[in-house]
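Peer 1: Sequence first, predicted coordinates after that:
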Amino acid sequence: MPVRSAQRARAVDRSPARRDGATQRTARPKLRVVDHRRIKQAARRRRVGLWIASALAIGMFVSALAQAELVRGQQDLNQMRVQVAENRTERARLEREIVMASAPHVVVDRARALGMVRATEPQYFPAVRAVEG
């Protein structure tokens, strides 16, 4: 009788979906040993890696902001240099005009254009108090 029960078990195990007649073996669950220490170490490594990656990303962002500030500051500095050069050129032009306008012959010509005449006897007035130098 035990032989028949084994044959019946095989017959019951046959899958109706399979037509080749092969017996379907019951699938055994895949078991494995879980090492909690390794799982915790892996989680810790992931956290440390995430912190390092975050620190690097934040560092790169801060570096990019600092670089942008430096570029903006350099542009402002270049603009000021151009403005200083323009102001120096303008000052040199104005100084030349002052020198040319204060030349003796230019002063005499302007006085004549205004209708002034040359004094025959210049008069000098004494200073009320001594001029300190």
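Peer 2: Sure thing, it's come through. Predicted, not measured: the structure shown is a model, and the values here were computed from it.
Peer 1: gap between the longest helix along the chain and the chain center?
Peer 2: For the chain, the helix reaching the highest residue count under DSSP state H is reported as helix 36-101. With C-alpha atoms, centre = their mean, to the nearest Å as the basis, helix 36-101 stands 6 Å off its chain's centre.
Peer 1: Show me what the helix or strand following it is packed up against.
Peer 2: Per DSSP states H and E, helix 36-101 leads on to helix 104-113 as the next helix or strand towards the C-terminus. Applying 3 or more C-beta pairs under 8 Å, 6 or more residues apart in numbering; DSSP states H and E, one finds that helix 104-113 contacts no other helix or strand. Every residue, glycine included, has its C-beta placed from N, CA and C.
Peer 1: pLDDT (mean, whole number) over helix 104-113?
Peer 2: The average of the pLDDT scores along helix 104-113 is 91.
Peer 1: C-alpha coordinates for it, CSV please?
Peer 2: Extracted in CSV, the C-alpha atoms of helix 104-113 (Å, rounded to 0.1, in the frame of the first residue of the first chain):
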residue,chain,number,x,y,z
PRO,A,104,48.8,136.5,-20.6
HIS,A,105,48.1,137.1,-24.3
VAL,A,106,44.7,135.3,-24.0
VAL,A,107,43.7,137.4,-21.0
VAL,A,108,44.7,140.6,-22.9
ASP,A,109,42.8,139.6,-26.0
ARG,A,110,39.6,138.8,-23.9
ALA,A,111,39.9,142.1,-22.1
ARG,A,112,40.0,144.0,-25.4
ALA,A,113,37.1,141.9,-26.7
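Peer 1: Great, nothing more from me.
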